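Student: model the following, please.
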Amino acid sequence: MSEGILVSQPVPASGETRRLNPVVRLLGRTLTVRRGQIGLALLALAVVAAVAGPHLAPFGVDDFVGAPFQPPDGSSLFGTDNLGRDVFSRALAGGGGLLWMSAGATLIAMVFGTAIGLIAGQSRGRLDGLLMRAMDVILAFPERVLVLLCVAIAGAGGLLLMVSVGLVFMPAIARASRAVTLDVAHKEFVQYAEAIGMPRRQILMREILPNILTPLMVEAGFRLTWARGLIAGIKFLGFGVQSPTADWGMMINENRDGLLFQPWAVGLPVICIGFGGARRGPHRGIGHEGRGRPTSSRRAHRHRHRHRR
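Tutor: Model (predicted):
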C-alpha cells in the first residue's frame, strides 16, 4: 500500500483519541473546582432570577405600596424607592434587560473579535499588522468613554448600547484570538495541512478554531461579567432605558438621594449587578489550550509517522 493513500485517508478517531467538545471540557474542569462550582451556581441563580423574577414579584413594578423611601416592613421586604414602589419587586423585574444585553454584547465581541484574530494570526503579514493597529486605536480609548461617545452620537437605545459595548470589547477578543492562533499555527498538524494544499479557510475552521475554543470561552466568561458592570454603569448615567422601566442601573440612579434613609433601594440592585462577578472557572490563561484535540489532518500526520516506523 502506498504512503500517499495513507495520507489522503484520514484515520477515524478511536476511543482513545476521541475528545470531548472544548466547551464540554471547560465545563467539566470548572465543575471539579469548588470556586468554579460556586461561580456556576451563582450564574445559574442570576439567570433564573432574571428570567423568572417578573413572575415572582409580589407587586407590580409600578405599584405604589407605601411612602417614598420607606424602610423594610411586613408588607415590603426591602422597603420602597423614591416614589413608594416596592424595591424587591423592581429588583426581580430589572435583571432581564441587563442579562440579554450583556449576553448580546459578549456574542458580538466574540464573533467579530475571533474572526479578526483568526485572520490576523493566520496571515502573519501586512494584513496582520493593519488589523492589529486598528484594534490598538480602539483600545487606546477607555471603554466607558467610547461607549458614551457612541450612544451620545447615535442615540441612547438599548440595542445601540448593546452593539456599542460589543464593538468596544471586540479588540481585546481579537488580540486574545490572535495570540492563541499564532500558537496553534506553528503546530505540526497545521503545517501539515498547509503542505497538503488544504485551503486557508478550511485550515482556519477545521484545524485552528476547534483548538482555540477553550481559552476563548474563558475570555467570553470574563467579558460577560464585565459587560454587566459596564452596561449597568451606562444605564446609571441615564442611557439605554428610561424611567419607569425597572432596571438595576436606573434604580441606583433614581434612589441615590435616599441612600442614608433607605440603603436597600440602592444596595439591592448593586448586589444583583455584582452577583455574577464571582464566576471564574479554572484555566491556565490564553494560549495554553493550543494543543487541543487531534483534527483529521493531525491524525493522518501521526498515522503516517507510525506507518514509516
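Student: low-confidence ranges, the stretch 151-300 of the chain, go.
Tutor: Along the stretch 151-300 of the chain, segments meeting pLDDT under 70 span 275-300.
Student: can you give me the helices for it?
Tutor: Counting by DSSP state H, counting those that start in this stretch, the stretch 151-300 of the chain has helices at residues 158-185, 188-195, 200-202, 213-236, 248-255, 264-273, 296-308.
Student: in JSON lines, list those helices along with mean neighbour count and distance to residue 151.
Tutor: Every C-beta, even on glycine, is put in place using the N, C-alpha and C of the backbone. Putting the helices of the stretch 151-300 of the chain into JSON lines (neighbours: other C-beta atoms under 10 Å; distance: least, C-beta to C-beta, whole Å) gives the following:
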{"stretch": "helix 158-185", "mean neighbour count": "23", "distance to residue 151": "6"}
{"stretch": "helix 188-195", "mean neighbour count": "18", "distance to residue 151": "41"}
{"stretch": "helix 200-202", "mean neighbour count": "11", "distance to residue 151": "36"}
{"stretch": "helix 213-236", "mean neighbour count": "22", "distance to residue 151": "7"}
{"stretch": "helix 248-255", "mean neighbour count": "24", "distance to residue 151": "13"}
{"stretch": "helix 264-273", "mean neighbour count": "21", "distance to residue 151": "19"}
{"stretch": "helix 296-308", "mean neighbour count": "16", "distance to residue 151": "46"}
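Student: among those helices, which comes closest to residue 74?
Tutor: With C-beta to C-beta as the measure, helix 264-273 is the member of those nearest residue 74 (14.9 Å).
Student: quick one: that closest one to helix 248-255, angle?
Tutor: Taking axes from the mean of the first three to the mean of the last three C-alpha atoms, to 10 degrees, one finds helix 264-273 and helix 248-255 inclined to each other by 160 degrees.
Student: other SSEs contacting helix 264-273?
Tutor: helix 87-93, helix 213-236, helix 248-255 (3 or more C-beta pairs under 8 Å, 6 or more residues apart in numbering; DSSP states H and E).
Student: just the C-alpha atoms of it, please, in CSV.
Tutor: Output in CSV follows, covering the C-alpha atoms of helix 264-273 (Å, rounded to 0.1, in the frame of the first residue of the first chain):
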residue,chain,number,x,y,z
TRP,A,264,-31.7,48.9,50.4
ALA,A,265,-33.1,50.9,47.5
VAL,A,266,-29.5,51.3,46.2
GLY,A,267,-27.8,48.3,47.9
LEU,A,268,-30.1,45.6,46.5
PRO,A,269,-29.5,46.4,42.8
VAL,A,270,-25.8,46.8,43.5
ILE,A,271,-25.8,43.3,44.9
CYS,A,272,-27.7,42.0,41.9
ILE,A,273,-25.3,43.6,39.5
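Student: can you list contacts of it?
Tutor: Here helix 264-273 makes contact (C-beta atoms under 8 Å, 6 or more residues apart in numbering) with 46, 49, 69, 72, 78-82, 87-88, 91, 94-95, 98, 228-229, 232, 248-249, 251-252, 255-256, 258-259.
Student: ok, back up a step: and of the helices and strands packed on helix 264-273, who's closest to residue 108?
Tutor: helix 213-236 (10.0 Å).
Student: ok, and for the helix or strand residue 122 falls within, which residues are buried?
Tutor: Element membership for residue 122, per DSSP states H and E: helix 96-123. Residues 96-99, 101-106, 108-110, 112-123 are the ones in helix 96-123 that count as buried (16 or more other C-beta atoms under 10 Å).
Student: could you do stretch 237-246 as well?
Tutor: Using 16+ other C-beta under 10 Å as the test for burial, stretch 237-246 gives 239, 240, 241, 245, 246.
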